[in-house]
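Q: Below: sequence and its predicted model.
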Amino acid sequence: MLSVLIPVYNYDVTKLVGDLHAQLVESMADFEIIVMEDGSTRCTEQNAALAALDNCHYVTLGHNVGRSAIRNRLADEARYGHLLFLDCDAEVGNPYFIQKYLAFCHEECVVTGGRVYREQVAAEYSLLSTYGKAKERNTAANEKAAKPFTSSNFLISKSIFQQVRFDENIKGYGHEDTIFGIRLQRLGIPVQHIDNPVVHVGIEDNPTFLQKTQHALSNLRALYQSGRYPELPGVSKVLSCSLSLEKLHLDGFAARLYRLLDKPMRRNLLSPDPSLRVFDLYKLLYLCHLSREK
């Protein structure tokens, strides 16, 4: 009935898998859990012990194939008709988490449950925590208003997945889930949003998250310039704004402004109390900076 698929990179997933396994056993549904290490060099000894659990398969890849390719490989390995994808740095806090998804396993569907963040985090994690709480509060109502698809916690029929699949041309970090959402839209496949979040516990410190944001913006720009996804401005506000500045011939000014404000903006974003307005401005100016560098 249900294949739970967890791509892993250097993360201990023993608690996550243990909690999921207990709920699945209690449900009495046919299930499997596949944990796939994407070239991990840490936590593999702990994670390998999961193979002792009934219906749990532990797979290691000798090298890192990337965020898109590993999800496609997991789907190809799955034996059941519904696939539940979960990020490795998630925690299940709801005792009915699996049961809520099983209710959809009798139909062709795409269902997202979203993610939430802990209320209290250390100051060095303030940027992602602040951003996540404000922009990624994935209650059902908030998810309906958010255009980009997120792949951290979603159920999909295998038959639908094989029509869509993740774009393996995307390299590095960022926007493989946005593109997956666009591919769903092209096929006219609706996404249902339910209140069934995981807790995002593996958050990065401020410098790491800021660097990953830069990588994601670089990917976003390259994907748009490839011409394969003209829908991107419709799902990315920062890309839409940067393109508007280009049309007005203001992108050069924005790029110069980025160079002028880079250090003070970074000081704010790396502080214990970062401003999301500064973060939005930083992303816009950085994207314009990228466009002028090419």
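A: Here it is on my side, so go on. Numbering: from 1, shown residues only.
Q: ok, what's across the strand from the residue nearest to residue 192 when sequence neighbours are not counted?
A: For residue 192, ignoring the flanking residues on the chain, the nearest one in space by Cβ to Cβ, 6 or more residues apart in numbering is residue 111 at 4.7 Å. The C-beta positions use only the backbone N, C-alpha and C, and glycine is treated the same way. Beta-bridge pairing of residue 111 under DSSP bridges involves residue 155, residue 192.
Q: wait, isn't residue 111 in contact with residue 105?
A: No. If you go by Cβ atoms under 8 Å, residue 111 and residue 105 don't touch, sitting 9.7 Å apart.
Q: Mind checking which of those two has more residues around it?
A: Between residue 111 and residue 105, counted using other Cβ atoms under 10 Å, residue 111 has the larger neighbour count: 22 against 19.
Q: Can you tell me how far the more buried one is from residue 30?
A: 19 Å (Cβ to Cβ, to the nearest Å).
Q: same question, residue 48
A: 24 Å.
Q: just for the protein, where's the confidence low?
A: Low-confidence regions of the chain, defined here as pLDDT under 70, cover residues 136-147, 294.
Q: what do you get if the cut-off is 80, keeping everything else the same?
A: 120, 135-148, 172, 292-294 (pLDDT under 80).
Q: Please look at residue 48 and residue 58 and confirm they touch.
A: Yes. With contact defined as Cβ under 8 Å, residue 48 reaches residue 58; the gap is 5.7 Å.
Q: Now do the strands in the stretch 101-250 of the chain.
A: Counting by DSSP state E, counting those that start in this stretch, the stretch 101-250 of the chain has strands at residues 110-112, 115-116, 153-157, 192-193, 198-200.
Q: Between those, which one is closest to residue 184.
A: Residue 184 sits nearest to strand 110-112 of all these, at 6.4 Å, using Cβ to Cβ.
Q: contacts for the closest one?
A: The contact list for strand 110-112 (Cβ atoms under 8 Å, 6 or more residues apart in numbering) reads 101, 104, 138, 143, 149-150, 153-157, 160, 184, 189-194.
Q: Now the buried members of those residues.
A: 101, 104, 138, 143, 149-150, 153-157, 160, 184, 189, 191, 193-194 (16 or more other Cβ atoms under 10 Å).
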